[in-house]
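Peer 1: Okay, structure incoming, though there's no sequence with it:
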């Protein structure tokens with residue numbers, strides 16, 4: 001299998017129906033629109049070819065406890081998304097393990113709201129969600145940044 005046949009975001013086989021992206025005179029192909037959007041947000045992070053994982057474990061609090069049937073639907077829905085490693089639902093909590101380089105907590109929560117699942121709405125919970133969103137965005141930006149000089153030393157490879 002050729003390297004060009006693999007999605008730069010998740011490493012899966014590309015789907016030719018998903019539009020390609022030109023970046024620095026190179027064309028990148030993707031397995032899904034989710035991976036394409038992830039690439040477009042930070043192309044420098046995924047164009048280098050280095051593939052690693054940044055595993056996150058998060059708890060998402062729902063507005064109320066859900067029954068086993070709805071829990072099974074949530075698990076099925078979320079595990080089909082790129083980057084989701086594991087989902088466990090217990091009462092009003094959803095435990096998710098995911099790869100930050102493929103999906104963020106904000107994207108997971110948006111997917112839950114699209115299917116009608118309401119998240120906890122207290123001020124502390126909203127504050128906690130905002131803090132996690134920002135910290136994940138900062139971490140992704142830092143991973144995409146070029147190494148810089150530090151402490152009066154040249155950057156690595158200079």
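Peer 2: Cool, the structure landed. Nothing here was measured: the structure is a model prediction, and the numbers come from that model.
Peer 1: alpha carbons only for contacts and neighbour counts from here, please
Peer 2: Noted.
Peer 1: quick one: contacts for the spatially most central residue of the chain?
Peer 2: In the chain, the centroid-proximal residue (CA atoms, centre = their mean) is residue 103; its distance is 1.0 Å. Residue 103 makes contact with 38, 82, 83, 84 under the criterion CA atoms under 8 Å, 6 or more residues apart in numbering.
Peer 1: how close does it sit to residue 67?
Peer 2: Distance, residue 103 to residue 67, using CA to CA, to the nearest Å: 26 Å.
Peer 1: Can you pull out the low-pLDDT segments for this protein?
Peer 2: 1-4, 49-51, 148-152, 155-158 (pLDDT under 70).
Peer 1: the helices in it, which residues?
Peer 2: Secondary structure of the chain, counting by DSSP state H: helices at 33-41, 43-47, 68-79, 105-114, 123-144.
Peer 1: Any chance of a markdown table for these, columns distance to residue 11?
Peer 2: Putting those into a markdown table (distance: least, CA to CA, whole Å) gives the following:
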| stretch | distance to residue 11 |
| --- | --- |
| helix 33-41 | 10 |
| helix 43-47 | 11 |
| helix 68-79 | 17 |
| helix 105-114 | 20 |
| helix 123-144 | 18 |
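Peer 1: could you dump these to TSV with distance to residue 61 and mean neighbour count?
Peer 2: Shown next, in TSV, are those (distance: least, CA to CA, whole Å; neighbours: other CA atoms under 10 Å):
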stretch	distance to residue 61	mean neighbour count
helix 33-41	24	17
helix 43-47	30	19
helix 68-79	13	14
helix 105-114	10	15
helix 123-144	8	14
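Peer 1: Residue 10 is nearest to which of these?
Peer 2: helix 33-41 (7.2 Å; CA to CA).
Peer 1: Could you tell me the angle between that closest one and helix 105-114?
Peer 2: 140 degrees (axes from the mean of the first three to the mean of the last three CA atoms, to 10 degrees).
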